[in-house]
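Asker: Sequence and predicted structure are below.
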Amino acid sequence: MTPNRYVANHVRGIPKSGIREFFDIVAQEKEVISLGVGEPDFDTPWHIREAAIYSLEKGRTHYTSNLGLPELRSSICRYVQKHFGIAYDPRTEVIITVGVSEAIDLALRALLNPGDEVLYHEPCYVSYSPSVVMAFGVPVAIATRVEDNFTLTAAALKEKITPKSKVLMLNFPCNPTGATQTRAELEKIAKLCIEHDLIVMTDEIYSELSYEGEHVSIASLPGMRERCIFLHGFSKAFAMTGFRIGYACAPPWLTDAMMKIHQYAILCANTMAQDACIEALEHGAKHVESMRREYETRRNYIVRALNDLGLECFQPHGAFYCFPSVGSTGLSSREFSLGVLEKKKVACVPGGAFGASGEGYVRCCYATSLEQIKEAMSRIGDFVSETRKRDLPPVPAAAAKRPQLAKAR
Ligand code: PLP
């Protein structure tokens, strides 16, 4: 028997996540400081956990409506209206999903015919391209550059639009770069989307974790609500990754289409987790703000430390990641990540895991204690100076940034 023969062609072709592959290696190493996995180090605030426990105690162990608990949908609509300025109808325009992950999958499967093109900025969250392929679409990456603060420019988007383009996926603040998008640039992008009749999926999962200026959702701009799927969830801002709850807000025709897939594939999201999410939205704001402030302190420290080590690092404006260049070491992102893991027991993710345009960078997640971050920076510092000594004469920073040099070694 040749098992691979039975696996569907489009699935066989999908590479395993570069993050997972890397963390299989990390799991075998002891005493590793992890700047790797993208999840809060904070436990879920106690009052939210208590709400889940109470839900169980009350015997709320049954299915909910396919769309999710009506009270949670109402609470979500109040939250989205208050924080993003977008009004949705809880009866027909919200669907509760198993994390934003499921919402992404539902949206793509509901929208794509085979061969439809999906545009997204890159480096990006690891699931975007495979999710498009699993929905029989064609992923079209638009490389973002540190020179543009890793934002998506309307000009770069315009170049990639073809008659087959159907969907644009946005994620600001961005995983892995921490980039955010200005209102002015979003307005230009919105104009292009209207001109070219694109549907926009906007993944707002890090929106509460913004450190500079206002956060603007493209769905709030004039003419965009009708062509946007607003995706959000509880994993990051509320430190609830294990609860696995997300949501999609969209006009009824789109919610209906997503709902068909959700009701047959999933039925409904976990009931006690949905109860806990009501508590999070209604009473969780002060915890979100105190975690946000702590991430900001860590961001300020880690970005300065990396730059001091000569690992040029763009100042991220949101999320809990920074994305330093490792070009000055002359190593590829994979060589750097494996080297620092093996020799110094610090885990960070090679930038190439987030798409080809992430090559030459590594992602460091600062959702870990400041103490651990300080120790990690000291170890990375040792690794960098040992690498540079070995490789004398040093590679000039500007030249080393060029990917062909990094690859040539
Ligand atoms: N979108 C982005 C940009 C992410 O970084 C992640 C998780 O890291 C997700 C979606 C998935 O989130 P969830 O836990 O809600 O499925």
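Answerer: Good, I have the coordinates.
Asker: For this protein, name the helix or strand with the lowest mean pLDDT.
Answerer: helix 403-408 (a mean of 34; mean pLDDT, DSSP states H and E).
Asker: if I've got this straight, Leu231 is in a strand?
Answerer: Yes: the assignment for Leu231 by DSSP: H, G, I helix; E, B strand; the rest coil puts it in a strand.
Asker: which residues touch the residue in the chain positioned nearest to the ligand?
Answerer: In the chain, the residue that lies nearest the ligand is Gly99 (2.5 Å; C-beta to the nearest ligand atom). (C-beta placed from N, C-alpha, C; glycine too.) By C-beta atoms under 8 Å, 6 or more residues apart in numbering, Gly99 lies in contact with Gly233, Ser235, Arg244, Ile245, Gly246.
Asker: can you tell me how far the first one sits from Phe336?
Answerer: Meaning Gly233. Counting by C-beta to C-beta, to the nearest Å, the gap from Gly233 to Phe336 is 31 Å.
Asker: tell me which residues of the longest helix seen in the chain are tucked away?
Answerer: Longest among the helix segments of the chain by residue count, using DSSP state H, is helix 285-308. The neighbour-count check on helix 285-308 (16 or more other C-beta atoms under 10 Å) flags 287-288, 291-292, 294-296, 298-299, 302-303, 305-306 as buried.
Asker: Compile those residues into TSV and extend it with columns for pLDDT.
Answerer: Below are the buried residues of helix 285-308 laid out as TSV (pLDDT from 0 to 100):
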residue	pLDDT
His287	97
Val288	97
Met291	97
Arg292	97
Glu294	98
Tyr295	98
Glu296	98
Arg298	98
Arg299	98
Ile302	98
Val303	98
Ala305	98
Leu306	98
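Asker: got JSON lines for those residues, with distance to Cys365 too?
Answerer: Converted to JSON lines, the buried residues of helix 285-308 look like this (distance: C-beta to C-beta, whole Å):
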{"residue": "His287", "distance to Cys365": "20"}
{"residue": "Val288", "distance to Cys365": "18"}
{"residue": "Met291", "distance to Cys365": "14"}
{"residue": "Arg292", "distance to Cys365": "15"}
{"residue": "Glu294", "distance to Cys365": "14"}
{"residue": "Tyr295", "distance to Cys365": "10"}
{"residue": "Glu296", "distance to Cys365": "15"}
{"residue": "Arg298", "distance to Cys365": "10"}
{"residue": "Arg299", "distance to Cys365": "11"}
{"residue": "Ile302", "distance to Cys365": "10"}
{"residue": "Val303", "distance to Cys365": "13"}
{"residue": "Ala305", "distance to Cys365": "15"}
{"residue": "Leu306", "distance to Cys365": "13"}
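Asker: restrict these to contacts with the ligand.
Answerer: The subset of the buried residues of helix 285-308 within reach of the ligand, by C-beta under 6 Å from any ligand atom, is empty.
Asker: So Ser127 sits against Ser101, correct?
Answerer: Yes: using C-beta atoms under 8 Å as the test, Ser127 is close enough to Ser101 to be in contact (6.5 Å).
Asker: Keep the contacts of Gly99, but drop any that are not near the ligand.
Answerer: The residues of these that also fall near the ligand, by C-beta under 6 Å from any ligand atom, are Gly233, Ser235, Gly246.
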